[in-house]
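A.B. asks: attaching a predicted model along with its sequence, questions to come.
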Amino acid sequence: MRIVQINGGAKGSTGKIMMGIAEVARAQGHEVMGASPITTTNRNAGEDCGYYRIGTFNSRRLNVALARITGFNGCFAWFETYKLLKKIDEFKPDIIHLHNLHDSYINLPMLFSYIKKHKIPVVWTLHDCWAFTGQCPYFTMAKCDKWRTGCFNCPQYKEYPEALYDNTMRMWKLKKKWFTGVKNLTVVTPSKWLANLVNESYLNEYPVKVINNGIDLHVFKPTENEYRNKWGVKEGQKVILGVSFGWGVKKGLDCFISLASELDENLFKIVLVGTDDEIDKNLPQNIISIHRTQNQKELAEIYSAADVFVMPTREENYPTVNMEAIACGTPVVTFDTGGSPEMLDDKTGIVVEANDIEATKKALKDICEKKRCNDEEYIVAYSKNFDMKKRFAEYIELYANVLEE
């Protein structure tokens, strides 16, 4: 097979998925071309393996600026998209795999017109809800369901991918026009939660397959460390861990601050990873703050040092951090949002209603004091479900099935 993948980045969570699929596909003898916009983080990505950079730093800045000024996200980047489509023409793919298309790095009508004209089979992995809304990637906190029939008066148009004007009514109609009517397109979602939303949207004309995200189980596993000594954890004290690389209300930073004020400091110690100097200003002194780390081995050590991992996220699809914690033998307490509950069983963690701090405190005490979910051997064995190599192989199998059909 000859496979083209397009994504908003070659690094980060979705970039790792794109590159991981490519690695598995090449190992099976397939040819892969990856494409994403050039950024400071991916300038050296995949130079030796058919990776194509869309546009330049300056063209990227220009297209993002135009989208923000007008509210027309994905309607610019004409020259960059033309060059990309020429590259795709030369590559002659059997299938195109789309990932994140938002934030103005590609001209959407040009891309989908090309796909429809050439009748190229498409797999489109939705990493959020953006594909069927007028603009937003998520709408849970806004409690908005306008996306079902047509967006307007958007309460979030100034948030990512932000715009100066609310153009969501027009964009919803345009996206519906562009994204529907593809002869052979399969939608993939990492969670059943998102699959159900797709089936309620204008994308419901397409088959939907759930392929969960995965992690590297060679990295994320129970790992010896000295963090409990470093943090000054006393005998009998339990470590509550939170990890995010974008702390704020959506990720539940306020929940950890509430827990820090209500839990007995002699019994619990809270550690947050992914903070920065600005976040530190808002944290009480009894929360240990660890600034962002790109070192996955270090992160595995931190997970392993914790007694329980807490995920009070208010908007989520299929959070990687939950998988990483479980793979390190640490049980999870998570809010009932997005696909988070799908990742656990009653021996690996506890699901509580979103925003319910009292229920969260009870779950923490059930795990830390009543020894619920304390079978580390079972938790680690359960994490075999998250093997990223197996998930990537599912995509290769899907490609073959799509082409066969």
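C.D. replies: Good, I have the coordinates.
A.B. asks: from here on, contacts and neighbour counts on C-alpha atoms
C.D. replies: Will do.
A.B. asks: so who does the closest residue to residue 330 other than its chain neighbours touch?
C.D. replies: Of all residues beyond its chain neighbours, the one nearest residue 330 is residue 308 (5.6 Å), with distances taken as CA to CA, 6 or more residues apart in numbering. If a contact means CA atoms under 8 Å, 6 or more residues apart in numbering, then residue 308 has 238-241, 330-333, 364, 367-368 as its contacts.
A.B. asks: just say helix, strand or coil for residue 36.
C.D. replies: Secondary structure, DSSP: H, G, I helix; E, B strand; the rest coil: residue 36 is strand.
A.B. asks: how far away is the residue nearest to residue 330 from residue 364?
C.D. replies: Look at residue 308 and residue 364: by CA to CA, to the nearest Å, they are 7 Å apart.
A.B. asks: hang on, the earlier thing: quick one, which of the contacts of residue 308 are buried?
C.D. replies: Those of the contacts of residue 308 that meet the buried threshold are 238-241, 330-333, 364, 367-368, by 16 or more other CA atoms under 10 Å.
A.B. asks: which of the contacts of residue 308 has the weakest pLDDT?
C.D. replies: pLDDT is lowest at residue 368 among these; the value there is 94.
A.B. asks: list the contacts of that one.
C.D. replies: With contacts defined as CA under 8 Å, 6+ apart, the neighbours of residue 368 are 238, 307-308.
A.B. asks: keep only those of these that are in strands.
C.D. replies: The strands in this structure, assigned by DSSP state E, contain 238, 308 from those.
A.B. asks: of the contacts of residue 368, closest to residue 278?
C.D. replies: residue 308 (25.6 Å; CA to CA).
A.B. asks: so where is this structure shaky, pLDDT-wise?
C.D. replies: Counting by pLDDT under 70, the chain has low-confidence residues at 41-49.
A.B. asks: rerun at 90
C.D. replies: Within the chain, the stretches with pLDDT under 90 are 10-13, 38-51, 103, 245-246, 292-295, 405.
A.B. asks: show me it divided up by domain.
C.D. replies: 2-214+388-404, 227-386 (automatic domain parsing).
A.B. asks: now the ones you listed as JSON lines including distance to residue 221?
C.D. replies: Converted to JSON lines, the domains of the chain look like this (distance: least, CA to CA, whole Å):
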{"stretch": "domain 2-214+388-404", "distance to residue 221": "14"}
{"stretch": "domain 227-386", "distance to residue 221": "4"}
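A.B. asks: out of these, which comes closest to residue 220?
C.D. replies: Judged by CA to CA, the one of these that comes nearest to residue 220 is domain 227-386, at 5.3 Å.
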